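Visitor: For reference, the sequence and a predicted model appear below.
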Amino acid sequence: MNRAVILDRDGVINVDKGYVHRMEDFELLPGLIDALGLLPGDFKLIVITNQSGIGRGFYTDKEFQGFTDQVIEYLLKRGVRLHGVYYCPHVPADKCSCRKPNPALLERAIEEFHLDPKKCFVIGDDSSDIEMGEALGCHTIFLQREDRGRRARYPTRPEHVACDMMDAVRYILSLEPSGQGRSQGE
């Protein structure tokens, strides 16, 4: 069984500017590349994101997929490989089964990548991310965003609250038997 870090996209990988779907609006969060580069190489990096901008008609499924391909390439050029991206295109009113906090997309990733949920870390900036991870027994890390205030407003209880991605990765590494990740040059 494999292990993974499951990332939300907006507010975790990039600055959440609302319905980001073009590279000119994509702004990587500071420290993301350095932090993810410390993870042991056997971790899969998977994105699970709600993208209601598709359901709202702000952009099409095809436009989102093209943008996602650009983001994957952008990150790969900087040494970060995303192994998979799963997304829900629906608006909340659709009451679909794939929108977080429902765990359907996480279940799919677990099946497709042969993941052990107990060896997976869900990192998100919203209670829906944490609830999704908790539903399947994953470790959960809440990424505190300055624009969202204190975590007390969220009903979930993540395993760890991180101030940034480096803090989140250090927490993951602290649970490693050796307490070490890989070096930047690996």
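Guide: Thanks, I have it. Numbers count the residues shown, from 1 in each chain.
Visitor: any weak-confidence spans in this protein?
Guide: Within the chain, the ranges that satisfy pLDDT under 70 run 147-155, 179-186.
Visitor: in it, which spans are helices?
Guide: In the chain, the segments counted as helices under DSSP state H are 32-36, 52-55, 61-77, 104-112, 127-135, 165-174.
Visitor: Can you check what angle separates the fifth one from helix 104-112?
Guide: Pointing back at helix 127-135 there. If you take axes from the mean of the first three to the mean of the last three C-alpha atoms, to 10 degrees, helix 127-135 sits at 40 degrees to helix 104-112.
Visitor: can you check the third one too?
Guide: Taking the same axes, to 10 degrees, one finds helix 61-77 and helix 104-112 inclined to each other by 50 degrees.
Visitor: Could you pull up the residues touching the closest residue to residue 51 other than its chain neighbours?
Guide: Leaving out its chain neighbours, the residue that sits closest to residue 51 by C-beta to C-beta, 6 or more residues apart in numbering is residue 87, at 4.7 Å. From N, CA and C alone the C-beta is placed, and that goes for glycine too. Contact analysis of residue 87 by C-beta atoms under 8 Å, 6 or more residues apart in numbering lists 47, 48, 49, 50, 51, 64, 68, 105.
Visitor: wait, what's in contact with the third one?
Guide: The one in question is residue 49. 8, 9, 10, 85, 86, 87, 88.
Visitor: run the last query once more with 10 Å
Guide: Shown in contact with residue 49 (C-beta atoms under 10 Å, 6 or more residues apart in numbering): 7-13, 64, 68, 85-88, 100, 105, 124, 129.
Visitor: Mark which of these are part of strands, please.
Guide: 7, 85, 86, 87, 88, 124 (DSSP state E).
Visitor: Among those, which one lies nearest to residue 95?
Guide: Nearest to residue 95 among the ones in strands among the contacts of residue 49 is residue 88, at 11.5 Å by C-beta to C-beta.
Visitor: if I read this right, the closest one contacts residue 61, doesn't it?
Guide: No - counting by C-beta atoms under 10 Å, residue 88 does not reach residue 61; the two are 11.4 Å apart.
Visitor: what residues do those two have in common as contacts?
Guide: 51, 54, 55.
Visitor: how about a markdown table for those residues, with neighbour count added?
Guide: Shown next, in a markdown table, are the shared contacts of residue 88 and residue 61 (neighbours: other C-beta atoms under 10 Å):
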| residue | neighbour count |
| --- | --- |
| 51 | 23 |
| 54 | 22 |
| 55 | 18 |
